[in-house]
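*Asks:* Following is a predicted model, sequence given first.
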Amino acid sequence: QVQLVESGGGLVQAGGSLRLSCAASGRTFSRYAMGWFRQALGKEREFVAAISWSGGSTFYADSVKGRFAISRNNAGNTVYLQMNSLKPEDTAVYYCAAGPGVTTDLGYNYWGQGTQVTVSS
């Protein structure tokens, strides 16, 4: 069982930066691939970024490639999402997720409660 708690969301102006964190409970964190997803009001949840259990492989949605960076600290049971050059269309609730393998779909076993990111124009 893995419990995930996101933090770091907030209100930022367009062009600004935020770093989201996802703290995981449990001693098996390093066995899980991790993903970040987001859901804007009235829209479906969508893939943002993912990282393999070792951190050696990362994947990004085209919409965030070059602006966002996912990383993890297995010793600290934390995964991060560094978000730069933010745009109003990045406004959404951001969720982290854990699962047995890296995937860009919603097939993760565990989900956090989400953190709100709002980008003003």
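*Replies:* Structure's in. What do you need? What you are looking at is a predicted structure, and each value in this text was computed from that prediction instead of being measured.

*Asks:* partners of Thr58 in the sheet?
*Replies:* Counting by DSSP bridges, Thr58 is bridged to Ile51.

*Asks:* so which helix or strand takes in the most centrally placed residue in the chain?
*Replies:* Centroid check for the chain by Cα atoms, centre = their mean gives Trp36 as the closest residue, at 2.6 Å. Secondary structure assignment for Trp36, by DSSP states H and E: strand 33-39.

*Asks:* next one: Cys96
*Replies:* strand 92-99.

*Asks:* how far is that strand from where the chain is centred?
*Replies:* 5 Å (Cα atoms, centre = their mean, to the nearest Å).

*Asks:* Run through who's touching that strand.
*Replies:* Residues outside strand 92-99 that contact it (Cβ atoms under 8 Å, 6 or more residues apart in numbering): 2, 4, 6, 9, 20, 22, 24, 29, 32-41, 43, 45, 48, 79, 81, 106-117. All C-beta spots, glycine's among them, are computed from the backbone N, C-alpha and C.

*Asks:* Any of those buried? List them.
*Replies:* 2, 4, 6, 9, 20, 22, 24, 29, 32-38, 45, 48, 79, 81, 108, 110-112, 114-115, 117 (16 or more other Cβ atoms under 10 Å).

*Asks:* among the residues you listed, which are in strands?
*Replies:* 4, 6, 20, 22, 24, 33-38, 48, 79, 81, 110-111, 115, 117 (DSSP state E).

*Asks:* for the nearest residue to Gly101 once chain neighbours are set aside, what are its contacts?
*Replies:* Using Cβ to Cβ, 6 or more residues apart in numbering and skipping residues adjacent in sequence, the residue nearest Gly101 is Ala33, 5.4 Å away. Going by Cβ under 8 Å, 6+ apart, Ala33 touches Ala50, Ile51, Ser52, Trp53, Ala98, Gly99, Pro100, Gly101, Val102, Thr103, Tyr108.
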